[in-house]
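Chemist: Fold the following.
(one chain, ligands or ions: 1)
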Amino acid sequence: MITAEALDVVFNAGTPLENHALRGVTVDIPEGQWVTVIGSNGAGKSTLLNALSGEARLRSGRLLIGHEDVTRWPPHKRASLVARVFQDPLAGTCERLTIAENMALALRRGGLRGLRPALSRPERATLRERLARLGLGLENRLDDRMGLLSGGQRQAVSLLMATLAPMRILLLDEHTAALDPRTADLILRLTQTLIREGGLTALMVTHSMRQALALGDRTLMLHEGRVVLDLMGSERAGMTVEGLLAEFSRQRGEELDDDALLLG
Ligand SMILES: Nc1ncnc2c1ncn2[C@@H]1O[C@H](COP(=O)(O)OP(=O)(O)OP(=O)(O)O)[C@@H](O)[C@H]1O
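Modeler: Below is the predicted model:
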């Protein structure tokens, strides 16, 4: 489904600020697999997601989504294949538009967009029903401006929007990190439902080792632009948070002094 071959990303190449963010990342992710991605600050997690969405230019390597070689595709061309939710609840939606208008844009992602995004009557009914399932009372607020919603409500709508139009990959970049624990929990449960019900292929970056092991099917650990651990199956099932932390420390070559941050 996703075939990444030796992905290499270098920022500011040939300058004193040169930064080799991905160093030959090779990974095959089958359809319907949910991968959690961990690693220390600057390990290359977001850059890997950016390489998949087309926002980070590859210096070398090859990327296939399905049977399509998208290596040279710009981000807008990949929009029909790749959906994304960011850490910042403000990033995925337009606060000046209503919930309905935001959702209309999401429905038409990757296709032609009119100047005034509008929902048809049946689309409105479907979205009302999907919003109702969030249990946040948003089904009665379709015509409220997005800017009126709380961070957690916005993130729930962003997640729903990301999964509205057909796509091949869902990218989640620490999408619960800016939320309070209760709201984060709600968003994670929604994430789980949307991914599993939709049989989606997903990559989720998290700083929580607990989340990384508890959710999804596979865990990748990045360090200095390389995949240093790739856990799945029985090996992953037998892994503990402590074991993962020990591996994390070993890779960094130091003892972690703030386990709480990583345990999440
Ligand atoms: N647009 C950019 N220009 C220059 N350097 C960049 C750019 N984006 C990322 N980098 C650098 O590439 C490296 C990898 O960054 P990346 O954001 O992928 O790390 P990360 O694992 O997501 O880290 P964090 O957990 O802190 O978000 C870092 O050294 C970062 O400073």
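Chemist: Which strands or helices does the longest helix belonging to the chain pack on?
Modeler: Using DSSP state H to define each element, the chain has its longest helix at helix 181-198. With contacts taken as 3 or more Cβ pairs under 8 Å, 6 or more residues apart in numbering; DSSP states H and E, helix 181-198 sits against helix 151-162, strand 169-173. Glycine gets a C-beta too; all of them are placed from N, C-alpha and C.
Chemist: Tell me which residues of that helix come out buried.
Modeler: Thr183, Ala184, Leu186, Ile187, Leu188, Leu190, Thr191, Leu194, Ile195 (16 or more other Cβ atoms under 10 Å).
Chemist: Also stretch 125-138?
Modeler: Residues of stretch 125-138 classed as buried by neighbour count (16+ other Cβ under 10 Å): Leu127, Arg130, Leu131, Leu134, Leu136, Leu138.
Chemist: tell me the contacts of the residue nearest the centre of the chain?
Modeler: Centroid-nearest residue in the chain, with Cα atoms, centre = their mean: Leu172, separated by 1.4 Å. For Leu172, the contacting residues are Arg84, Val85, Thr191, Ala202, Leu203, Met204, Val205, by Cβ atoms under 8 Å, 6 or more residues apart in numbering.
Chemist: Helix or strand: which one has the fourth one?
Modeler: To tie it back to what came earlier, the one meant is Ala202. For Ala202, the element it lies in under DSSP states H and E is strand 201-205.
Chemist: To the ligand, which of the helices and strands packed on helix 181-198 lies closest?
Modeler: strand 169-173 (7.7 Å; Cβ to the nearest ligand atom).
Chemist: That closest one to helix 181-198, inter-axis angle?
Modeler: Angle, strand 169-173 to helix 181-198, by axes from the mean of the first three to the mean of the last three Cα atoms, to 10 degrees: 170 degrees.
Chemist: Kindly point out the strands partnered with strand 169-173 and how each is oriented relative to it.
Modeler: Strand 169-173 has its sheet partners listed here by DSSP bridges as strand 82-85 (parallel), strand 201-205 (parallel).
Chemist: mind putting the ones you listed in CSV, mean pLDDT included?
Modeler: Converted to CSV, those look like this (pLDDT from 0 to 100):
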stretch, mean pLDDT
strand 82-85, 94
strand 201-205, 98
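Chemist: re the thing from before, which residues does the residue nearest to the centre of the chain bridge with?
Modeler: Assigned bridge partners for Leu172, using DSSP bridges, are Val85, Met204.
Chemist: what's the pLDDT at it?
Modeler: The per-residue pLDDT reported for Leu172 equals 97.
Chemist: Also Cys94?
Modeler: The predicted local confidence for Cys94 is 90.
Chemist: Am I right that it is in contact with Met146?
Modeler: Yes - at 6.3 Å, Cys94 counts as touching Met146 under the criterion of Cβ atoms under 8 Å.
Chemist: So for these two, which residue has more residues nearby?
Modeler: Met146 (24 against 14; other Cβ atoms under 10 Å).
Chemist: Which residues are in contact with that one?
Modeler: Met146 makes contact with Thr93, Cys94, Glu95, Arg96, Leu97, Thr98, Ile99, Asn102, Arg154, Val157, according to Cβ under 8 Å, 6+ apart.
Chemist: run the last query once more with 10 Å
Modeler: Neighbour list for Met146: 89-90, 92-103, 153-154, 157-158 [criterion: Cβ atoms under 10 Å, 6 or more residues apart in numbering].
Chemist: Need the buried ones from the residues you listed selected in PyMOL.
Modeler: Selection of the buried residues among the contacts of Met146 in PyMOL, burial being defined by 16+ other Cβ under 10 Å:
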select buried, resi 89+92+93+97+98+99+100+101+102+103+153+154+157+158
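Chemist: gap between the two ends of stretch 204-216?
Modeler: With Cα to Cα, to the nearest Å as the measure, stretch 204-216 spans 9 Å from end to end.
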